[in-house]
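[1] below: sequence and its predicted model.
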Amino acid sequence: MLYASREHNPENLKRSLELANIVADSRYRLYNDFLHFNGRRLGKYLDAVFRATIAAGGLDPFKIIPS
């Protein structure tokens, strides 16, 4: 939803990338929610993260994303 609404609210693109860090953070244990349904949920989520990364300017992990 954040990624899909990026054209109406550009800040949502940054939020979608921040959400990836929250999901990956082991303190929250959100990754368990993606392990069900034969991994399809995880694949769908990772595809959305990939599309958001491309929309934010590519795959350069050292690129600075303006706040």
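    Now that the structure is in, tell me what you want to look at.
[2] burial count for the closest residue in space to residue 2 that isn't next to it in sequence?
    For residue 2, ignoring the flanking residues on the chain, the nearest one in space by CB to CB, 6 or more residues apart in numbering is residue 16 at 3.9 Å. Every C-beta, even on glycine, is put in place using the N, C-alpha and C of the backbone. Residue 16: 22 surrounding residues under other CB atoms under 10 Å.
[3] tell me which element residue 16 is part of?
    For residue 16, the host element (DSSP states H and E) is helix 11-24.
[4] name the residues of that helix that are buried.
    Residues of helix 11-24 classed as buried by neighbour count (16 or more other CB atoms under 10 Å): 12-14, 16-17, 19-20.
[5] show me the shaky parts of this structure.
    36-39, 58-67 (pLDDT under 70).
[6] so where's the longest helix in it?
    helix 40-56 (DSSP state H).
[7] just the CA trace of that helix, in PDB.
    What follows is helix 40-56, C-alpha atoms only, in PDB (Å, rounded to 0.1, in the frame of the first residue of the first chain):
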ATOM      1  CA  ARG A  40       4.800 -17.300  -0.900                       C
ATOM      2  CA  ARG A  41       4.100 -14.400   1.500                       C
ATOM      3  CA  LEU A  42       7.800 -13.900   1.900                       C
ATOM      4  CA  GLY A  43       8.400 -13.900  -1.900                       C
ATOM      5  CA  LYS A  44       5.600 -11.400  -2.400                       C
ATOM      6  CA  TYR A  45       6.900  -9.200   0.300                       C
ATOM      7  CA  LEU A  46      10.500  -9.300  -1.100                       C
ATOM      8  CA  ASP A  47       9.200  -8.500  -4.600                       C
ATOM      9  CA  ALA A  48       7.500  -5.400  -3.100                       C
ATOM     10  CA  VAL A  49      10.800  -4.400  -1.400                       C
ATOM     11  CA  PHE A  50      12.700  -4.800  -4.600                       C
ATOM     12  CA  ARG A  51      10.200  -2.600  -6.600                       C
ATOM     13  CA  ALA A  52      10.400   0.100  -3.900                       C
ATOM     14  CA  THR A  53      14.200  -0.100  -4.000                       C
ATOM     15  CA  ILE A  54      14.300   0.400  -7.800                       C
ATOM     16  CA  ALA A  55      11.800   3.300  -7.500                       C
ATOM     17  CA  ALA A  56      13.900   5.000  -4.800                       C
END
